[in-house]
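# sequence and predicted model, in that order:
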Amino acid sequence: MKNQRIVVSRFGGPDCLRVCEEDAPLPGEDEVRVKVLAAGVSFADLLMREGRHPERRRPPFTLGWDMIGRADLVGKNVSTINQGDTVAALTVTGGYSRYICLAPEALVVVPPDIDPVKAVCLVMDYIVAFQMLHRSVDLKAGENILIHGAAGGCGTALLQLGALMELRMFGTASAGKADYVRSFGAQPIDYRNDDFVKVLSNQGNAKAVFDSVGGTNLMRSYRCLQRGGTLVFYGMTTALRNGRRNWRGTTATLLYLLAALAKNLIPDGRNVTVYSIQNRKQNHPDDYRADLTELFQLLKAKKISPTVARRFDLSEAAEAHRLMINKASPGKFVLVPS
């Protein structure tokens, strides 16, 4: 049996991704071999390909933060996963594969009759959104929130989950995605032509701002907070420009983040916090499992419906990265091994 996986041969653009053919791995006695059914394509993958993510790996390595698969072979010492179970994992690396061997404690069982392509959207994007909304801040129905990059994978998750909480939502996006943002009950803000600070000021400012942009955007986001509000920084799209590493954007983000965190020393009731899914999962693994299980139930009950922008064959990973750089369609890209 053959395995196919996508390898970062060196740091750089999408042309650095190589298709590797090899024998399928065999699980150890304490491992589960998973046949991958769907793997998410995320901005974190682009950062890792460029060598700009904190979870830096030395090439060659296989990309893939989030995946859904089926337990294909189960090691003899494994009792929590059964052969044939559909499972989810936040792999950080390795998801861009047909087969991957993982420890059973890294796996969360997926309820039956759930589309794996929809389910993979929950493993990272919706978990990030859910934990920021429920664990990073204390929000009540009717309160204002501002979501940057509202038409992206995590932005969509924040919109859907925020709607369930009956929050009053504002979302920055390009003008062409305004109707998409509005479809979730949010007020779109054209990030190119509108001043989101002014818009929020006219609406009484926000109880929470979710910033995945970084750079100078951070301090402007802070200005949007009500007294008692929280700015949640969870990404750094300024680290890339046109899909390639942007040293100026990275440096600016780090400097502005330090300046924003320093404002926690000012007793004005506003707070700045940093959310990291890998740190949160490492420190609170039970929370991750419980939150993902709850999200699967919401998906099964059709209370949430992730937007899949496009499906690609695993061998088309480089093309998925190229299109993601200037993605016109909202939602998430997903790799589906043939």
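Thanks, I have it. Remember, it's a predicted structure, so these values are computed and weren't measured experimentally.

# where does pLDDT dip in the stretch 101-250 of the chain?
Along the stretch 101-250 of the chain, segments meeting pLDDT under 70 span 236-250.

# could you rerun that using 90?
213-219, 235-250 (pLDDT under 90).

# center of this protein - which residue?
Centre of the chain computed as the mean C-alpha position; nearest residue by Cα atoms, centre = their mean is residue 125, 3.4 Å away.

# pretty sure that residue is touching residue 153, no?
Yes - the pair residue 125 / residue 153 is scored as a contact, 4.2 Å apart, by Cβ atoms under 8 Å. Yep, even glycine has a C-beta here, placed from its N, CA and C like the rest.

# anything in contact with each of the two?
Shared between the contact lists of residue 125 and residue 153 (criterion: Cβ atoms under 8 Å, 6 or more residues apart in numbering) are residues 40, 42, 332.

# gap between whichever strand or helix holds residue 231 and the chain center?
Element membership for residue 231 (DSSP states H and E) is strand 225-233. Chain-centre distance of strand 225-233: 21 Å, with Cα atoms, centre = their mean, to the nearest Å.

# tell me what that strand is packed against?
Counting contacts by 3 or more Cβ pairs under 8 Å, 6 or more residues apart in numbering; DSSP states H and E, strand 225-233 is packed against strand 206-211, helix 217-223, helix 247-262, strand 271-274.

# angle of that strand against strand 206-211?
Direction vectors for strand 225-233 and strand 206-211, defined by axes from the mean of the first three to the mean of the last three Cα atoms, to 10 degrees, enclose an angle of 20 degrees.

# identify the residues contacting strand 225-233?
Under the contact criterion Cβ under 8 Å, 6+ apart, strand 225-233 has outside partners 132, 136-137, 144, 204-212, 214, 218, 221-222, 257, 260, 268-275.

# tell me the mean pLDDT for stretch 258-278?
Stretch 258-278 carries an average pLDDT of 81.

# renumber starting at 59 from here on
Okay, using 59 as the starting number, the last item reads as stretch 316-336.

# pull out the buried positions in that stretch.
Along stretch 316-336, the positions that meet the burial threshold by neighbour count (16 or more other Cβ atoms under 10 Å) are 318-319, 328-331, 333, 335.

# alpha carbons of that stretch, as PDB, please.
C-alpha atoms of stretch 316-336 as PDB (Å, rounded to 0.1, in the frame of the first residue of the first chain):
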ATOM      1  CA  LEU A 316       4.200  44.600  22.900                       C
ATOM      2  CA  ALA A 317       2.800  48.100  23.000                       C
ATOM      3  CA  ALA A 318      -0.800  46.700  23.200                       C
ATOM      4  CA  LEU A 319       0.100  44.300  26.000                       C
ATOM      5  CA  ALA A 320       1.700  47.100  27.900                       C
ATOM      6  CA  LYS A 321      -1.700  48.800  28.000                       C
ATOM      7  CA  ASN A 322      -2.800  46.100  30.400                       C
ATOM      8  CA  LEU A 323      -0.900  48.000  33.000                       C
ATOM      9  CA  ILE A 324      -3.200  51.000  32.500                       C
ATOM     10  CA  PRO A 325      -6.300  50.700  34.800                       C
ATOM     11  CA  ASP A 326      -8.800  51.800  32.100                       C
ATOM     12  CA  GLY A 327     -10.800  48.500  32.200                       C
ATOM     13  CA  ARG A 328      -9.600  47.400  28.800                       C
ATOM     14  CA  ASN A 329      -7.600  44.300  28.300                       C
ATOM     15  CA  VAL A 330      -5.300  42.700  25.600                       C
ATOM     16  CA  THR A 331      -4.800  38.900  25.400                       C
ATOM     17  CA  VAL A 332      -3.100  36.500  23.000                       C
ATOM     18  CA  TYR A 333      -4.800  33.300  21.900                       C
ATOM     19  CA  SER A 334      -2.800  30.400  20.600                       C
ATOM     20  CA  ILE A 335      -4.600  27.200  19.800                       C
ATOM     21  CA  GLN A 336      -1.500  25.000  20.200                       C
END
